[in-house]
Each structure stands twice: as C-alpha cells, then as structure tokens.
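**Student:** Build me a model:
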Amino acid sequence: MRIGILQCGKSPAQLKDDLGDYPDMFVRLLAGRGFEFTIWDVEEMQFPDTIHDADGWLLTGSRHGAYEPHPFIPPLEDFIRQAYAAPVPMVGICFGHQIIAQALGGKVVKYEGGWAVGTQDYDFQGEKLRLNAWHQDQVVELPEGASVIARNDQCANAALVYGDKALTIQPHPEFNDDFVQGLMDTRAKGVVPDDLLDRAAGRMGEAKASANMADRIESFFRKSRAAAGNTSQGGA
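**Tutor:** This is a model prediction of the structure:
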C-alpha cells in the first residue's frame, strides 16, 4: 500500500542528524507493515499532482498554527477536502489532526488551558494509552462527520475518526523521549512554562503506546482501502 507523507513542518535542525525529520519518524513507526512511502514537503509548496498519487495520506506535525496565514495552508486544505470527498483515507497527527478538522469545518485555537508536553495519558474509549505530546493548539469544535475516540482532562478532542475517511490524533506516537527532550532543549525556552517542562522531565522513560497506535493506523488504512474497493465494485 502506497502511503503519501505530507510533510507540514520540520524537525529542529539540531536534531535531524541524530533523530531524523518528521517523515523519518513515521517511516520508523510504521516499518515492517508492507507500506511504501513517498514524501511531499507541502510546507515548501511541494504538493502531489492528484489525490490519487497514493493509496492513503499521512499529514505530519508542524510548529505552525493551522489558523496562521502561511502560503501552504489554503492548498493543503483544498487537498484535504478533495481526498475526503473521493475518498482517499487520511491520517493526521498533531498539526495534521488540526488542519484536517479545520479544512472540514471544525475550529482550531490556541488553547487557553496551555501546553501539553511530554508523557500524557489518554482514554481511548476505555483503553488507557500513554503517548508523548507537544502542542498548545487544539481542535475545539468538531466538523460534521467527526467522532471523538480519545480524550483526557487537558484535551477533550484528542483523537477523531471520520468514518472510513480519516483518523486523526493530537499526540505524537512517532515521538520518542529523546526527541521530546530535544524539543525541550531547542524550542521550549521562554515558550513552555517551567513547571510543565519539569513535569515532562519527571515522566521521561515511562513506556509509551506507540506500537498500539501504529497498529491502529495500519488497521485504519487497510480497512479504509478495502471499503473503497468494495464500494467501487458495487459492494455494500
């Protein structure tokens, strides 16, 4: 199955050599599952020719806000709407989660409750999963067709599913603790409150559910592709 990675942002330059860029992390997360990957750097205005250049699309995180006036955001929103209508399945992580919601009529804001940094615990429909996070922005109003499948006290809409069209996740299953520490060292000073950084440092090393999320992403892509195939063949 061909997965197109739409790169919406970049890892800090100081971290790339040792820890990789965002697409590298997703390739590692989903390794050994029969996927082939092609990367388009949409932040640099490199877009696929059509929504059918891949069997599924994965939208990465970004330091940008979905609501900010960056040149790549309007064409990315158009691409999302086209893929959703086709449908070609999408998975969005952090910024990807937010931009899919916004493109489809939801609302994203800089959350007044502040940042989520490092290890966080989430309720995935009764299953407790621990994942790394790095965000202040949140989806606060859902678009039509979206259902909440994960939440915690800090983030009410931590993961959404749009039938078999899109799966979006606010935390970062692709981030390991080394990368979170790197973000704390390179992007947090004067931005993230010290008490949150101290709390994140204190939870370093706790086991994460990244493999569980990789299973969910794989299952979503494969089931969505199968559903699209059945529809095209006249199936129910």
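**Student:** Flag the shaky bits of the protein, pLDDT-wise.
**Tutor:** Scanning the chain for pLDDT under 70 picks out the ranges 229-236.
**Student:** which helix of it spans the most residues?
**Tutor:** Determined from DSSP state H, the single longest helix within the chain is helix 210-232.
**Student:** Can you list the helices and strands that it packs against?
**Tutor:** helix 22-29, strand 56-59, strand 90-93, strand 127-135, strand 166-169 (3 or more Cβ pairs under 8 Å, 6 or more residues apart in numbering; DSSP states H and E). All C-beta atoms are positioned from the backbone trio N, CA, C, and that covers glycine.
**Student:** JSON lines please, covering these and showing mean neighbour count.
**Tutor:** Converted to JSON lines, the helices and strands packed on helix 210-232 look like this (neighbours: other Cβ atoms under 10 Å):
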{"stretch": "helix 22-29", "mean neighbour count": "21"}
{"stretch": "strand 56-59", "mean neighbour count": "26"}
{"stretch": "strand 90-93", "mean neighbour count": "27"}
{"stretch": "strand 127-135", "mean neighbour count": "19"}
{"stretch": "strand 166-169", "mean neighbour count": "27"}
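**Student:** Any chance of these in a markdown table with distance to residue 110 as columns?
**Tutor:** Compiled in a markdown table, the helices and strands packed on helix 210-232 are given as follows (distance: least, Cβ to Cβ, whole Å):
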| stretch | distance to residue 110 |
| --- | --- |
| helix 22-29 | 21 |
| strand 56-59 | 20 |
| strand 90-93 | 18 |
| strand 127-135 | 10 |
| strand 166-169 | 18 |
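**Student:** Looking at the ones you listed, which is nearest to residue 201?
**Tutor:** strand 127-135 (12.8 Å; Cβ to Cβ).
**Student:** residues in contact with that closest one?
**Tutor:** 61, 94, 115-122, 150, 155, 170-173, 175-177, 179-180, 183, 206-210, 212-213 (Cβ atoms under 8 Å, 6 or more residues apart in numbering).
**Student:** before we move on, the earlier item: tell me which residues of the longest helix of the chain come out buried.
**Tutor:** Neighbour counts over helix 210-232 (16 or more other Cβ atoms under 10 Å) mark 210, 213-214, 216-218, 220-222, 224-225, 227-228 as buried.
**Student:** the helices in the chain, which residues?
**Tutor:** Listed in chain order (using DSSP H), the helices of the chain are 13-19, 22-29, 73-85, 95-103, 177-186, 194-202, 210-232.
**Student:** Can you lay out those helices as CSV showing distance to residue 35?
**Tutor:** Listed next are the helices of the chain as CSV, based on distance: least, Cβ to Cβ, whole Å:
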stretch, distance to residue 35
helix 13-19, 21
helix 22-29, 8
helix 73-85, 17
helix 95-103, 17
helix 177-186, 21
helix 194-202, 31
helix 210-232, 8
